[in-house]
Structure formats: structure tokens, C-alpha cells
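# coordinates for the following, if possible.
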Amino acid sequence: MGSYRVCCCFTRKFKVTEADPPADVKEAFRKYSDGGIHMTADQLLLFIKECQGGNEGTVSKLDAERIVEQVLHKRHPITSLINRKTLTLEDFHHYLFNSELNPPIGSQIYQDMNAPLSHYFIYTGHNSYLTGNQLSSPCSDVPIIKALKRGVRVIELDLWPNSSKDNVHVLHGRTLTTPVELIRCLKSIKEHAFTASPYPVVITLEDHLTSDLQAKVAQMVTDTFGEMLFYPSLSELKELPTPESLKYRILISTKPPKEYLEAEEDKRTKSQRVNDPADDDIWGEEPSRAASYKDKNIKYETDESDHDNEDSDCHLKKSGSCPAYKNLIAIHAGKPRGGLEEALKVEKDKVRRLSLAEQELEKATERHQQQIIRFTQKNILRIYPKGTRFTSSNYKPLIGWLHGAQMIAFNMQGYGRSLWLMHGMFRANGGCGYVKKPDFLMTNGPNNEVFDPKAKLPVKKTLKVKVYMGDGWHLDFKQTHFDAYSPPDFYTRVGIAGAPADEVMRKTKPKEDTWTPVWNEEFTFELTLPEIALLRIEVHEYDMSEKDDFAGQTCLPVSELRPGIHAVPLCDRKGYPYSSARLLMRFELES
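Prediction:
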């Protein structure tokens, strides 16, 4: 029972009640219990196989028996004494609404992991050591640990000499960020690299070091990682290895020292970057069309370096190359002289990593769309945020994914809708941090033509989503969190992020004065590229006089959705799951 003070004189009382099972749940129970009042484990198993996407050997009779046992133990602890082994309608509803027993996507790694690294989208962090904004937040190994625990597989470290020039610090150069020692970051990576995934961790280095400090880094890396470290026997790889062959290995990716020196010699003045405000606020615009971002004032840059190492320290000129450091590099970064067209050439016996800023990618997709996709079929393309994202906001990742870019580097400590999309993409494939790119990005046509992201495509699949109800907020939030005078008025927004033609958002009607809203609304989405589509789900609390309050979100890969009725757990703004808040939804994907 909740009490809300309306004025000094009286209070309104509201009881948090458990909503009745939806009609579809009642019908499923009636059908699979043969019209009875109890459902056996065998009947539950048949329901799971026929209606819930469990027909590929993923659920056994033993699994069904365990589900029955867990539901009964939680709802009726005393039943263990009387040995009941069947579910009532309410028990069945409880099972369906349990996000651990009945999640919307699987948790197993199931994709082929024996293709080269270039065949996968890879969960990639940007400035992984920053705890907050890009200009003044402390540097630490804590965000690195958090990222690795989330399944992030690419960690970026910026290396600078300390004040006495005898050791190496990690920090965002020429800002007020306070440093953290490199050795601390390396030890934390070693300890936590494989807690969430067995597949390789790539450390991308942006270094601003003299050769003697590069030698020191080489020694630190070798001593810390030992046999975990992978580096090719030859100076450069001819083909990228597979995630399967690199299980529990660490790879270093950076420019060879010689290229840093050449870049320094060839240094030129950069145009002043435009002071753009961050555009990925939590209440910001919907994800843009794939090529909608235009900034007429930004000069197109073809230098590969991130904004913070375009001006590498001048003392690099006086330093020589460091062979020990170069030998550790598994994936060479860098770009040949001659601009982007030269950089995107695919070499027969050489693979490498190329980096572009988000606005450079935007421009490049207008001029070199086909070359980008051909390049990413064999090589690694990394996209990093523009330099004006001082608040650690992020950009829309879809344009990179649609062109085959493997490493969309994100500020994992920031948050907002773009980061939610990133979380959603990498919930796929068991959350292992590697998601196989769709065939359309890797398979060429009869005349060797590649996928055209701007082509008009026919509808391939239709996704039907029904939002039944929600529950759990009264356990995760204070009674007056949403409204001081009455229970909340929740509504759900459901939509698609993906190919430009597929992007859309819909919403249910608000349900007034209830912690357990029942909507029973269905939405249909026609998809031209379901392989890359993400289902966006947000819950808000309607507020007539102010901004609507945020009440949870999640993002799920459409290709991974299990058909049938499932519990969808909701996350907070930063992507961490709430303890209890969840939705009951049904999914149908038809060709």
C-alpha cells in the first residue's frame, strides 16, 4: 500500500496489485495444459519447443523440470514439503515474466568463430582509461575493468612520458586529466581480460614516447602478459587470425615507431575544429539516418591519427626506432601517404588497421563507399569520436556497421541512446564481444560488386512486437520518484535502429496511476536488413507539465530475438540492469 500526500489535509492511498495474466498467456496455458488447471513439466516443454523458440535442442525435459522446481520454490516454498510438480496459471505467468528463466535472447556463443578478425564487429572502447569527460576527469584502471567485465574487447591507452621522462603514464594528452601509471592498466587488463569472454583482447596504443620509453613499454608488456601475448613470427600479418585461434590471448595494435617519426616529419597545420555541442543527449534526437550528419565547417582530414596525437611530441624527431616495441605489434596501424583513396587499397599479402574520425567516415562514405566495404572485408577499420565530444558522448554507430567497420570506438563511461545501441549489438552471440558481420557485407555479387548501403531494398522480414505489461518499478524506485502525489503514468516506446529505411519509433498509450501498467498493444515493423536491425525499447513516465521521466531501456538484436512471450529486463541510463523492472512482450519474425 502506498500513500501520497495531496495537501496538508489528507493523503491518497494506492495498493500495488499484481496484474492478471494477459489473454494470450491464459490461452497458451489452456492449450498446453489440455484445458486443465495444472501444467506438467512435459506440457511446459512442449510449449517451449512449439512457441518459445526452444526447438533446436536448447531445452530438455530436465530443463523443464528445473524451471517448474524453481518457480514453485520461489512462489510456494512450502510445496517442497508436499512434493507438487505442476504449475498453475499464476505460476506459468510468473515463469513467463521471469527474465532469468525466460529471457528474450539466448546467452550462448553460437556463431562461427573461425573466420579472420575482419569478419566480425568487435566491441571497442575509446580512451578506455577516462572516468568521465575528455578534458578534466581522472584517469584510472577502474573504467578499463568495467569495460572488460561488460565484454569490451578493444581497450585504448594513450601513452605519455611522466614529468621526469623516465616512466610512462596513461592520460589524455594536453588536457587536465590526471594520469594513471601504464603498469597498473596492464595488470588490470591481464586480471580481467577474460572474465566476460574467452576471445582476444586488443590493446590499441596511441603513443607519444621516445624510443627508450618505447623499449620500456615493450618490457612492461612482455613481463605482464608473457605467453598470453600474441605477435606474428613475421614482421607483419598476411591475413588476420581468427577469434577461435586467439582465445585467451592479448594483441597489441599501434603504428610502428618509424611511421610515428614519418608522421612527425610530415606534420602540417590542422584546421580549427568546430566547437559542436554533443548531440547524443539522453533526451536528444532519434538516431539519425545513416548519412544525415553534415558539418559544412569541418575540413575533411586524411591523417589517420586521433585528435590527441596529431601533434606527437617534438622530441620524437630526435629518437630512433625501437625494434623490441615494433616486434610486439600484432595488428599494424597507419595509413600510406597519398590520402584516403590510397589508404583504402587492399594489399594482397598485408593486413592492417585504419582509423577515421566519425566525420571523416561520414565524408568518406560519400566518395569511397565501395572501397570502404572492400577494405573492411580483409582489413580492420576503426572509427573514433570527433574531438568536440568533450562530455564523452557518442555518435550513431549504424553508419559504420553498414559499411563493415569492425571497431566503432565508444566512450563507455558516457551514456545515451547511441551507447544503448552499442550495448544492444554486443548482447548478440552470447555477449562475447565478437559478432559475425552479416553475409551481405562479406559476399560479393557475380561481377564482384559489393553491398550498396544506399540502394533501395525490398522488405525481407516483418517483426511483430506486442507489449503486454510491465512490473518491478515499485521495487527499484522510491514511491515518490516519478510523482510526489500519485503512482506513475508509464508508457513504452518501441522501435528499430538499423538501415535508414527501417528506422522508426512507436509508443503505447500512457497507463495512469499504476505501478503495474497493462498496455496490450502490438506494433509491426517491416525490415529490409533484419540482420543488422536492433529493437529499441524505452519506458517513460508521462509528465504533463515537465519532461517525461526516464523509467528504463534496453536494446536487442532482432536476429537474436526468441519467438514467443518473454520477459524483457530493463536497464538504467548507463546500461546497468535494474533489479526488478521488466516488460512482458511477444515477438514474431516472419519472412
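# CA only for contacts and neighbour counts going forward, please
Fine.
# which residue is the nearest non-sequential neighbour of residue 511?
Counting by Cα to Cα, 6 or more residues apart in numbering, the nearest residue to residue 511 once its immediate chain neighbours are dropped is residue 489, at 5.1 Å.
# residue 335 versus residue 126, what's the distance?
20 Å (Cα to Cα, to the nearest Å).
# quick check: phi and psi on residue 229?
Backbone geometry at residue 229, expressed as degrees, to the nearest 10, gives phi -80, psi 130.
# I'd say it and residue 249 touch.
Yes: with contacts counted by Cα atoms under 8 Å, residue 229 reaches residue 249, the gap being 5.7 Å.
# all strands of the stretch 201-350 of the chain, in order?
201-207, 229-230, 250-254, 329-332 (DSSP state E, counting those that start in this stretch).
# isn't residue 143 right up against residue 131?
Yes: between residue 143 and residue 131 a contact is recorded at 6.0 Å, counting by Cα under 8 Å.
# and those two? Which one has more around it.
residue 131 (22 against 18; other Cα atoms under 10 Å).
# contacting residues around that one?
Applying Cα atoms under 8 Å, 6 or more residues apart in numbering to residue 131 gives the contacts 137-140, 142-143, 413.
# cool, and residue 452?
369-370.
# show the backbone phi and psi for it.
Dihedral angles (degrees, to the nearest 10) for residue 452: phi -110, psi 100.
# could you check how far it is from residue 496?
Residue 452 is 20 Å from residue 496, by Cα to Cα.
# run through this structure and note the low-pLDDT ranges.
Where the chain drops to pLDDT under 70, the residues are 1-16, 55-57, 79-82, 258-320, 336.
# how does it divide up, domain by domain?
In the domain annotation for the chain, the residue ranges read 14-102, 117-256+322-441, 458-590 (the TED database).
# list the contacts for the closest residue in space to residue 117 that isn't next to it in sequence?
Once flanking residues are discounted, residue 117 sits nearest to residue 242: 5.4 Å by Cα to Cα, 6+ apart. Each residue near residue 242 by Cα under 8 Å, 6+ apart is listed here: 113-117.
# apply 6 Å and report the result again.
114-117 (Cα atoms under 6 Å, 6 or more residues apart in numbering).
# just the buried positions in the strand ranked longest in the chain, please.
What stands out as the longest strand in the chain, according to DSSP state E, is strand 577-590. In terms of neighbour count (16 or more other Cα atoms under 10 Å), strand 577-590 has its buried residues at 577-578, 580-589.
# same check on stretch 426-439?
426-438.
# list the buried ones in the host helix or strand of residue 185?
Here residue 185, judged by DSSP states H and E, is contained in helix 182-192. Judged by neighbour count (16+ other Cα under 10 Å), helix 182-192 contains these buried residues: 182-183, 185-190, 192.
# nearest to residue 407, of those residues?
residue 189 (18.6 Å; Cα to Cα).
# so how far is residue 564 from the closest one?
40 Å.
# quick one: the strands in the stretch 451-591 of the chain?
So, for the stretch 451-591 of the chain - with DSSP E, counting those that start in this stretch - the strands run 461-471, 490-497, 504-507, 518-527, 534-541, 549-557, 564-571, 577-590.
# how about those strands in CSV, adding distance to residue 199?
What follows is the strands of the stretch 451-591 of the chain, written out as CSV (distance: least, Cα to Cα, whole Å):
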stretch, distance to residue 199
strand 461-471, 31
strand 490-497, 27
strand 504-507, 34
strand 518-527, 31
strand 534-541, 23
strand 549-557, 20
strand 564-571, 25
strand 577-590, 24
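# for residue 233, find the nearest of these.
It's strand 549-557; of those, that one is closest to residue 233 (Cα to Cα) at 38.0 Å.
# list the buried residues in the closest one.
Buried-residue list, strand 549-557, by 16+ other Cα under 10 Å: 549-557.
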